[in-house]
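**Student:** quick one: sequence and predicted model below, then my questions.
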Amino acid sequence: MAGPVLAVDNLATHFFTRDGVVKSVDGVSFEVKPGEVLGLVGESGSGKSVTGFSILGLIDPPGRIVGGSIQLNGEELVGRSESEMRKVRGKSLAMIFQDPMMTLNPVLRIDTQMIEAVLAHDAVSEKAARARAAEALGMVGIPAPEERLFAYPHQFSGGMRQRVAIAIALLHRPSLIIADEPTTALDVTIQSQILAEVQRICAESGTALVWITHDLAVVAGLADRVAVMYAGRIVEQGGVDDVLDRPCHPYTQGLIGSVPGAHPAGARLHAIPGSTPSLKHLPQGCAFAPRCTRADAACAVAPPITMNQGRAYRCFHPAAQAGASA
Amino acid sequence: MLAFILRRLMQAVFVVVAMVVLVFFGTYVIGDPVWMMVPGDATIEQVGEVRRTFGFDQPVYVQFLHFLGDVVRGEFGRSYVHGTSAIALILARMPATMELAFAALILAVVIGLPLGLFAGLKPEHPAARAIMAGSILGFSLPTFWVGLMLIMLFSVMLGWLPATGRGPVVSIFGLETSMLSLDGWRHLLLPALNLALLKISLVIRLTRSGTREAALQDYVKFARAKGLSQSRIVGVHILKNILIPIVTVLGLEFGSLVAFSVVTESIFAWPGMGKLLLEAIQRLDRPLIVAYVMVVVLLFVTINLIVDILYSALDPRVRLSESEA
């Protein structure tokens, strides 16, 4: 069996701001196998986007990767120079952003933006690059791709722009795509179309996917495995059905509990008490302890990762025993 | 697009008419040009004679109607002082002024754009802070003083460049220019730099703020995620976005470069329209003043039109909304 496409080990990305160090990502480890879809779930500010940008080496000052390792197809990315990183970006590692209205340059035509992406990594003629761009547009379901290449971004709808961004990500058939909430800004029908499209393309080309989102419904439908982030750490990860059906960590449980659909109409929704802690002043032990109903004296120490039958969680008092059949 | 240009030309006509009225009555109020024309020991009869010859004895509205009739026929009369066609005098001096303004514009872009880009990309760098401090000086130092200092430094103390005048003029394709010889450039450099100083500062500040804003945009991060080189990101993705406001402002400023070259031209004895205007105002040479103002107004209107057209070439979104309208 082939090794993982992506292996993140103990990654730490901190932001050195004027009023203190913000530990946006602190000790995150996960792996993605070839063709696998990993859902990275968490609230706003839990560090999931920073994790994504860290993998691409796109953390701008005052932020910086302070520790850990990121291996793409067995090659270390942390500590690479900017020019070495550039050879990876867009080639074997691509990214799709959250807001399709903002990711395409408004004053450049689609063909300019796609052809430059091809030429950034392959020494081919402009004609060949154009043909590849048109092919990629056709692949993501844009009709009449040769003509649409001459359009400007503002002549596309939001959903179409996101398709263009996905097509750009697919240009070099990367082994991994990091998708940072790419459907959040789209309306629900477009969202499901895009999801189906991405799922199909990744399955066909064997591209692995890290899908960053706060939407558990999306994860349930798309991901093979899920990692739940809280305050810069992964608190639980495992197979998507396992984690969603039998959450071990009280935070995961709370997250699933607050999805409105699971309750009878008119009943009060569950909410996790309190709010996310400031990343500048994290509690000593478990970051979730102040909001947790199961917390006790033991939680004053940061819980280590417990491995149990393909599940991993950071909790002394797991809510459900992993592997216990329902 | 055609409707847009026609609408613009209609507006221009109104501006021109308003300017004609303002300038005519403005110069009428300033003083009686007759006293500038007759010798100091002239008799009352002689003064009256001159007055009748030029039609100054008639009521002001009759004078104005006469003047208007001339303007409609494209004539601004003869200069009281030079005795030749006013518009011809202005046009003869125009190439020198245009050359100076054009050289200043080039300097503003060539110096301002790279400095502004640098200051915008590395705002914390000491050199970037020095550039910004320098641009404040460029804004606040008066043009005439800087001109004198330039002459002091480069002509008097160092002796590198000539202080006044214009170099040898060559005519190519009917355009007179002194930009084709080394001596021409030596004469042009100081006045052009003097005139450009304010615009350099302007371009630096515009470029810097535009760059800082654009650098934070998602499309720049996405361009980086595509694996593009830094030079491609700055040179294409950022530059094309920030060029929109810069082209607009520079276009509008080109008109003011021409109009305000008056100061620079008098300091460096540059034989352009501005110098001619100063002399005309001192002698109350009304046809010449009016002709100058008309030329400048037409210049402004034309430039604004060109800027609008350029703008739509740079920003595709402008084109679309125009065709929808």
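**Tutor:** Now that the structure is in, tell me what you want to look at.

**Student:** let's verify residue B:180: helix, strand, or coil?
**Tutor:** Here residue B:180 is recorded as coil under DSSP: H, G, I helix; E, B strand; the rest coil.

**Student:** could you say which helix or strand contains the residue nearest to residue A:247 when sequence neighbours are not counted?
**Tutor:** Excluding the flanking residues, the one nearest residue A:247 by Cβ to Cβ, 6 or more residues apart in numbering or on different chains is residue A:253, at 4.4 Å. Where you see a C-beta, it was placed from the backbone N, CA and C, and this is true even at glycine. Taking DSSP states H and E as the definition, one finds residue A:253 inside helix A:250-257.

**Student:** got phi/psi on the residue lying closest to residue B:180 once chain neighbours are set aside?
**Tutor:** Once flanking residues are discounted, residue B:180 sits nearest to residue B:170: 5.1 Å by Cβ to Cβ, 6+ apart. Phi and psi for residue B:170, reported as degrees, to the nearest 10, are phi -110, psi 150.

**Student:** with the one 10 residues further on instead?
**Tutor:** For residue B:180, the backbone dihedrals are phi -100, psi -10 (criterion: degrees, to the nearest 10).

**Student:** hmm, back to that, burial of the residue nearest to residue A:247, as a residue count?
**Tutor:** The tally of other residues near residue A:253 (other Cβ atoms under 10 Å in any protein chain shown) stands at 21.

**Student:** equivalent analysis for residue B:111, please.
**Tutor:** Counted with other Cβ under 10 Å, residue B:111 comes out at 18.

**Student:** quick one: the helix or strand containing it near chain A?
**Tutor:** Assessed by DSSP H and E, residue B:111 sits inside helix B:86-121. No - using Cβ under 8 Å from any Cβ of the partner chain, helix B:86-121 stays clear of chain A, coming no nearer than 12.0 Å.

**Student:** how far off centre is that helix?
**Tutor:** A distance of 8 Å separates the centroid of the chain from that of helix B:86-121, by Cα atoms, centre = their mean, to the nearest Å.

**Student:** list the buried residues in it.
**Tutor:** For helix B:86-121, the neighbour count (16 or more other Cβ atoms under 10 Å in any protein chain shown) marks B:86-87, B:89-90, B:93-105, B:107-109, B:111-113, B:115-121 as buried.

**Student:** which helices and strands does that helix pack with?
**Tutor:** For helix B:86-121, the contact count by 3 or more Cβ pairs under 8 Å, 6 or more residues apart in numbering or on different chains; DSSP states H and E identifies helix B:126-140, strand B:175-177, helix B:182-215, helix B:239-259, helix B:261-267, helix B:273-282, helix B:286-314 as packing neighbours.

**Student:** neighbours around residue 231, how many?
**Tutor:** Just going to use chain A. Counted with other Cβ under 10 Å, residue A:231 comes out at 23.

**Student:** meant chain B actually
**Tutor:** 8.

**Student:** check the one 10 residues further on too.
**Tutor:** Counted with other Cβ under 10 Å, residues neighbouring residue B:241 total 22.

**Student:** next up, the contacts around it.
**Tutor:** A:105, A:106, A:107, B:210, B:214, B:217 (Cβ atoms under 8 Å, 6 or more residues apart in numbering or on different chains).

**Student:** please determine how far the fifth one is located from residue B:132.
**Tutor:** Using Cβ to Cβ, to the nearest Å, one gets 18 Å for the distance from residue B:214 to residue B:132.

**Student:** more crowded one of the two?
**Tutor:** residue B:214 (20 against 17).

**Student:** that one contacts residue B:238, correct?
**Tutor:** Yes - between residue B:214 and residue B:238 there is a contact at 4.6 Å, judged by Cβ atoms under 8 Å.

**Student:** between the two, which contacts overlap?
**Tutor:** By Cβ under 8 Å, 6+ apart, the residues touching both residue B:214 and residue B:238 are residue B:220.

**Student:** returning to that earlier point: for the helix holding residue A:253, packing partners?
**Tutor:** strand A:225-230, strand A:233-239.

**Student:** what comes into contact with it?
**Tutor:** A:41, A:216, A:228, A:230, A:235-236, A:243-244, A:247, A:262, A:270, A:272, A:288, A:291-294, A:315, A:317, A:319.

**Student:** only alpha carbons, please: show the helix or strand residue A:127 falls within as CSV.
**Tutor:** In the assignment (DSSP H and E), residue A:127 maps to helix A:126-139. Taking C-alpha atoms only, helix A:126-139 is exported to CSV below (Å, rounded to 0.1, in the frame of the first residue of the first chain):
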residue,chain,number,x,y,z
GLU,A,126,0.6,29.0,-25.2
LYS,A,127,-1.7,27.1,-27.6
ALA,A,128,-1.2,23.9,-25.7
ALA,A,129,-1.8,25.7,-22.4
ARG,A,130,-5.0,27.2,-23.8
ALA,A,131,-6.2,23.7,-24.9
ARG,A,132,-5.5,22.4,-21.4
ALA,A,133,-7.4,25.3,-19.8
ALA,A,134,-10.4,24.7,-22.1
GLU,A,135,-10.3,21.0,-21.2
ALA,A,136,-10.2,21.8,-17.5
LEU,A,137,-13.2,24.2,-17.8
GLY,A,138,-15.1,21.5,-19.6
MET,A,139,-14.3,19.0,-16.9
